[in-house]
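Undergrad: Got a predicted model here, sequence first, then my questions.
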Amino acid sequence: MDSEISLTVDGRRHTVAVDTRTTLLDALRDRLGVTSPKKGCDHGQCGSCTVLLDGRRHLTCLALAVSYDGAEIVTAAGLGPEDDLHPIQEAFLDHDGLQCGYCTPGQVCSAVGVLDELKQGHPSHVSQDLEATPEPSDDELRERMSGNLCRCGAYANILAAVREAAGRGQA
Amino acid sequence: MRELEYVRADDAASAVALVSGEPEARFLAGGTNLVDHLKLGITAPRLLVDVSRLPLDAVEEYDAPGGTGLRIGANVRNSDLAAHPAVRASWPAVSRALLAGASGQIRHQATTAGNLLQRTRCVYFQDATTPCNKREPGTGCSAVGGYARYNAVLGASPDCVTVHPSDLAVALTALDAQVVVLGVSGERRIPMTGLHRLPGDRPDLDTVLEHGDLITAVELPPSAAARRSTYQKARDRASYAFALVSVAAGLELDGDVVRDVRIAWGGVAHRPWRATRAEDALRGQQLTEEAVLAAAELELEGATTTDQNAYKVPMIRNTTALACTRLAAGEVSR
Ligand SMILES: Cc1cc2nc3c(=O)[nH]c(=O)nc-3n(C[C@H](O)[C@H](O)[C@H](O)COP(=O)(O)OP(=O)(O)OC[C@H]3O[C@@H](n4cnc5c(N)ncnc54)[C@H](O)[C@@H]3O)c2cc1C
Ligand code: SF4
Ligand code: FES
Ligand code: FES
C-alpha cells in the first residue's frame, strides 16, 4: 500500500509516495537522496541513522515513513552550510572527532540533542540528584552519547568535541 | 516483509474497533519494537493502526487516597516522563528506570504503553529460524538446553524460560501503578502486578490483555515509599544494554524500622516480579543489609537455575540489598 507523505528535510519540502513498509531512513536515503543519515545496524542499536526530528534527536531506522507525514527533519548536513558550520561540527573538526566518518552525522545530531536536553535540565542515568540541574561533566556526556556507537573507537575525541561544544573548553 | 495496510486512528474508540475487528492488526506507537519485529519477521500483521498521534500525551495530577496521583497518557514519551518534575520528585524510581533503559534517541520515540508491551529479547525469539513457543506456539523452546545466560530463575515453565525486558514495568510494578485499558466493552483498570503473565503452557501470551485492548493511561498512586524509591540495574556494559537483573525499591522508615517497603525485580521472570515475601519479611524490621539479604533469600526459595544463569541469584539478592541500603542511607534519589 502506497501513501503520499510530505517531509521537510534540511529546509526543503518534499512530497513522496512511500510503501507502508518503507522506513524513514530508506525514504530519506533512497527516495529523497538525503544520504547524511547512515544505515549502520537498521535495528536501533547503533545511532548512525540519528537526525533531529521536530527538534529532538530521533532514530530513522525504527520508524515507518508513513507515520511521520508532516515531520520537520534536520540532518547533520543541514545543520550548517560548509562556510558557516554549526559549533558542534566545528568542534568535531577541531578535535578530530572522527576516523572513517560513518557514525559522524549521527554523532553530530545526537550531540546537538544532548546539549539541548542539558539546557532543559533533563536528568540522566548518572545524575546523582534527579532534581538538580545537570552539569555537562564527562560522565554525563558519555552517558548521554551512549546511543551512538563508533566502530573506529573515536570516542575520546568525540567526547572532547562535545565537551568543548558544551562550553567546557579544552579541559 | 508482507504487504501492510496502514491507518492512522482518529480516536481511541475507533482504534479499538479497527484492531478488534481484524485478527491480523496491530497498534503502532513509537515503533521501536514493532518495526524491528516487522523487519525480523517475528510478526507479519496485515494492518497497522497508528495510535501515536492520539491525544493520549498528557501527564495530569489526580486526587488519590493519601495525596496526589499522576495519570500518564499512553503516548507520553519515555524521555518526557523521565524528565517530568512530579515524577522526579515523587516517583523517582520511575525516572531512574526509564533513564537506565535504551538511549536518548529511543527514549524520545518510545511511548509509555509501548514500553510495557515490548516483547522479550530472548535471542531465539528474535531469530525467526529457530523454534520458539512464544513466537510460534508448539514449535518448542530453544532456550531450554540452549544459550541460557539470560534465562528466568523464577516462575519459568518447561515451555518458556525467558524474561520480560522492560525497566519501566519493574518500577511501575513496585509502586502499585494501574493500567487504564479501553476494550470493546468499555474501560477497565488492571493493576501492574496483574498485567503480565507467567508463561505456563501459553508463552505466546505476554499479558492478560485481549486482542484490540488499547492502553490509554497509567495511574501512579502516591505513597511515602514511592517518594523514597530508586531503581538499580545490573548489565553487561555501563549504558545502552538490557538488564541482567534489576531492582525497583521504595522505603518508608520510622527511625531505622521499616514501616513500608516495595520491591520488584526485573530480569528474573517472564513478568516483572513483585517480591511480596521479601516485603512481608522486612516490614517492622530494622533495615540492615543482613535483613534485606535474608528477605531476598526467602523470595528466591524455589529459584531454578542452570550453570549459565545461576549468577542471577546472588546478583538479584545483592542488588536488592544495595538498593535498599542506599535508600536508607539517603544516598540515592531523589
Ligand atoms: C537498541 C534498543 C535498546 C533498548 N534498551 C532497552 C532497555 O534497556 N530497557 C527497556 O526497558 N527497553 C529498552 N528498549 C525497548 C524500548 O524501550 C521499547 O522498544 C519501547 O519502549 C517500545 O515503545 P514504542 O512506543 O516504540 O512501541 P511500539 O514498538 O510501537 O509497540 C510495542 C508493542 O506495544 C503495542 N502497543 C503500543 N501502544 C499500545 C497501546 N496504547 N495499547 C496497546 N498496545 C500498544 C504495539 O502493538 C506493539 O505490540 C530498547 C530498544 C532498542 C531498539
Ligand atoms: S525462552 Fe520463550 S521466548 Fe525464548 S525460545 Fe523459549 S519459548 Fe521462545
Ligand atoms: S541504523 Fe538506526 S540505530 Fe543503527
Ligand atoms: S568514525 Fe568510523 S565509525 Fe565512528
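TA: Great, that's in hand. Residues are numbered from 1 along each chain as shown, chains lettered A, B, ... in the order given. Ligands and ions are numbered 1, 2, ... in the order given.

Undergrad: Show me which residues of chain A are close to ligand 3?
TA: Applying the criterion CB under 6 Å from any ligand atom, the portion of chain A that neighbours ligand 3 consists of A:Lys39, A:Gly40, A:Cys41, A:Asp42, A:Gly44, A:Gln45, A:Cys46, A:Gly47, A:Ser48, A:Cys49, A:Leu59, A:Cys61. Placement of C-beta: from N, CA and C, glycine included.

Undergrad: What's the ChimeraX syntax to select whichever of those residues are buried?
TA: Here the buried members of the residues of chain A next to ligand 3 are turned into a ChimeraX selection, burial being counted by 16 or more other CB atoms under 10 Å in any protein chain shown:
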select /A:39,40,42,44,45,46,47,48,49,59,61
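
Undergrad: And the strands in the chain?
TA: Here I'm looking at chain A. Secondary structure of chain A (DSSP state E): strands at A:2-9, A:12-19, A:51-53, A:56-58, A:72-74.

Undergrad: was after chain B, sorry
TA: Applying DSSP E to chain B gives strands spanning B:5-8, B:25-28, B:47-50, B:59-64, B:67-73, B:178-183, B:186-191, B:214-220, B:229-234, B:245-254, B:257-266, B:273-274.

Undergrad: The nearest residue to B:Ile215 once chain neighbours are set aside: what's it in contact with?
TA: If the residues on either side of it in the chain are set aside, B:Ile215 comes closest to B:Ala113, at 3.9 Å by CB to CB, 6 or more residues apart in numbering or on different chains. The contact partners of B:Ala113, by CB atoms under 8 Å, 6 or more residues apart in numbering or on different chains, come to B:Ala29, B:Leu56, B:Ala74, B:Asn75, B:Leu214, B:Ile215, B:Val218.

Undergrad: at 7 Å what do you get?
TA: With contacts defined as CB atoms under 7 Å, 6 or more residues apart in numbering or on different chains, B:Ala113 is in contact with B:Ala29, B:Ala74, B:Ile215.

Undergrad: on that earlier part again, for the strands of chain A, give me CSV that also has mean pLDDT, mean neighbour count and distance to B:Ala13.
TA: Output for these, formatted as CSV (pLDDT from 0 to 100; neighbours: other CB atoms under 10 Å in any protein chain shown; distance: least, CB to CB, whole Å):
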stretch, mean pLDDT, mean neighbour count, distance to B:Ala13
strand A:2-9, 97, 16, 23
strand A:12-19, 98, 14, 28
strand A:51-53, 98, 25, 29
strand A:56-58, 98, 25, 29
strand A:72-74, 98, 20, 30
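
Undergrad: Tell me which of those lies nearest to B:Asn33.
TA: The closest of these to B:Asn33 is strand A:56-58. By CB to CB, the value is 15.6 Å.

Undergrad: Just name whatever secondary elements the closest one is in contact with.
TA: Counting contacts by 3 or more CB pairs under 7 Å, 6 or more residues apart in numbering or on different chains; DSSP states H and E, strand A:56-58 packs against helix A:104-119, helix B:104-109.

Undergrad: Which of those helices sits closest to B:Val19?
TA: When the helices and strands packed on strand A:56-58 are compared for distance to B:Val19 using CB to CB, the nearest one is helix B:104-109, at 21.1 Å.

Undergrad: Residues contacting the closest one, please?
TA: The set of residues external to helix B:104-109 that reach it, using CB under 7 Å, 6+ apart, is A:44, A:47, A:50, A:56-59, A:110, A:113-114, A:117, A:144, A:147, B:30, B:32, B:77-79, B:82, B:98.

Undergrad: Swap in 8 Å and give it another go.
TA: Applying CB under 8 Å, 6+ apart, the contact partners of helix B:104-109 are A:44, A:47, A:50, A:56-59, A:62-63, A:110, A:113-114, A:117, A:144, A:147, B:30-32, B:77-79, B:82, B:98-99, B:101.

Undergrad: which residues sit in contact with B:Asp159?
TA: Contacts for B:Asp159 were tallied using CB under 8 Å, 6+ apart; they are B:Asn133, B:Cys141, B:Pro199, B:Gly200, B:Asp201, B:Pro203.

Undergrad: Could you tell me how far B:Thr111 is located from B:Ala29?
TA: Spatial separation of B:Thr111 from B:Ala29 under the definition CB to CB, to the nearest Å is 4 Å.

Undergrad: Return every residue with contacts to both of these two.
TA: B:Ser52, B:Ala74, B:Asn75.

Undergrad: Count the neighbours of the second one for me.
TA: Think B:Ala74. 28 (other CB atoms under 10 Å in any protein chain shown).

Undergrad: Tell me the spatial nearest neighbour of it, not counting adjacent residues.
TA: If you skip the residues right next to it in sequence, B:Ala74 has B:Ala113 as its closest partner in space, 3.8 Å away by CB to CB, 6+ apart.
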